[in-house]
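**Student:** got a predicted model here, sequence first, then my questions.
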Amino acid sequence: MALPDHLQFWSAVSLLGSPFAMTLLCVTLAGTLAVRGRRSAAVAVLVAQGGGGVLNMVLKDTVKRPRPPGSEHLLHGFSWSFPSGHAMGSLIGYGMLCYCVARYWSFSKVARGSLFTLASATVLAIGISRIQLGVHYPGDVVGGYLIGAVWLGAAVALLQRKEERQISPPPAPAP
């Protein structure tokens, strides 16, 4: 069944937050970080995205909120509605991209700001697309963003802590 024109646009936007797109983004980012000697960051990217996916599945199975009526024709198989995996995964994936670019690459403030703005607009559009397509309620998307933000924050904090331990010298022995 072909989608109406206005939904074709939102369907294309939704693909930017699909599990395939997020996997591709994170594997590419992790590979690039690993090649540049940032192995802890590479692992953190993969753990953040993969762990976020597992957390999303656990939450969906725990909450068991049904999808909006009529959403079946747009979905590939059955899944619960809360939280939105596209919203959560895209916030984690694009968020890790922005964090890593800001921390590990030398770009101008304008370039970093542009990336942050583009990534934020993309994540917002992905959430809107899920509502426009009728596969999520607004609360599912907001919940996905909030949970994704907490998960992303935890991943970044753990990465920073690990990197600080690698940099700081061991404590001096007691006299």
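**Tutor:** Okay, I see it. Keep in mind it's a predicted model, so treat the numbers as computed, not measured.
**Student:** can you tell me how far F20 is from S14?
**Tutor:** 12 Å (C-beta to C-beta, to the nearest Å). C-beta coordinates here come from the backbone N, C-alpha and C atoms, glycine included.
**Student:** looking at these two, which is more packed in?
**Tutor:** S14 (23 against 8; other C-beta atoms under 10 Å).
**Student:** which residues touch the more buried one?
**Tutor:** Residues near S14 by C-beta atoms under 8 Å, 6 or more residues apart in numbering: H86, I126, S129, R130, L133.
**Student:** will you turn these into a markdown table that also has distance to V47?
**Tutor:** What follows is the contacts of S14, written out as a markdown table (distance: C-beta to C-beta, whole Å):
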| residue | distance to V47 |
| --- | --- |
| H86 | 20 |
| I126 | 22 |
| S129 | 27 |
| R130 | 25 |
| L133 | 30 |
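**Student:** got a list of what the residue positioned nearest the centre of the chain touches?
**Tutor:** Geometric centre of the chain, nearest residue: I92, 2.4 Å, by C-alpha atoms, centre = their mean. I92 makes contact with M22, A48, Q49, G52, G148, W151, L152, A155, according to C-beta under 8 Å, 6+ apart.
**Student:** ok, of those, which one's closest to M96?
**Tutor:** Distance to M96, by C-beta to C-beta, is smallest for A48 among those, at 5.5 Å.
**Student:** excluding covalently adjacent residues, which one is nearest to S84?
**Tutor:** Sequence neighbours aside, G144 is the residue nearest to S84 in space, at 3.7 Å (criterion: C-beta to C-beta, 6 or more residues apart in numbering).
**Student:** sorry, back to before: for R165, see how far away the residue nearest to the centre of the chain is.
**Tutor:** For I92, the distance to R165 - C-beta to C-beta - is 23 Å.
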